[in-house]
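J.: coordinates only, sequence not included:
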């Protein structure tokens, strides 16, 4: 009796996988990929699209288990850099070297 019960249990667990197999995986269409297009200029320069806290949350959500590289390279969500202060005129007109 125990053998029949075990067989019925296993059959009951496996039967859905046989009757309803997973759909075939589809690969991405490489013809639609443009490595030079990551984000549109309109989105990149839209200062109101995300605040700094939303950007930080995005980085942490995208790769929550990120570990720094063996050379000490930090995860993007942990990267910090001080930027120099510039006058308004310098920011408006840019600088060329």
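T.: Received the coordinates, thanks. Here the structure is a predicted model, which means the values were calculated and not measured.

J.: Now do the same for residue 59: helix, strand or coil?
T.: Taken by DSSP: H, G, I helix; E, B strand; the rest coil, the conformation at residue 59 corresponds to helix.

J.: Now for it, how many residues are close by?
T.: Look at residue 59: counted by other C-beta atoms under 10 Å, it has 15 neighbours. C-beta coordinates here come from the backbone N, C-alpha and C atoms, glycine included.

J.: Now it. Nearest residue, chain neighbours left out?
T.: In space, and not counting its chain neighbours, residue 59 is closest to residue 77: 3.7 Å by C-beta to C-beta, 6 or more residues apart in numbering.

J.: mind checking the SS state of the one you found?
T.: helix.

J.: I'd like the next helix or strand past whatever helix or strand residue 9 lives in.
T.: Residue 9 is located in helix 2-19, with elements delineated by DSSP states H and E. Next along the chain after helix 2-19, taking DSSP H and E as the criterion, comes helix 41-44.

J.: so how far is that next one off the chain centroid?
T.: 19 Å (C-alpha atoms, centre = their mean, to the nearest Å).

J.: which other residues reach it?
T.: Helix 41-44 is contacted from outside by residue 49, using C-beta atoms under 8 Å, 6 or more residues apart in numbering.
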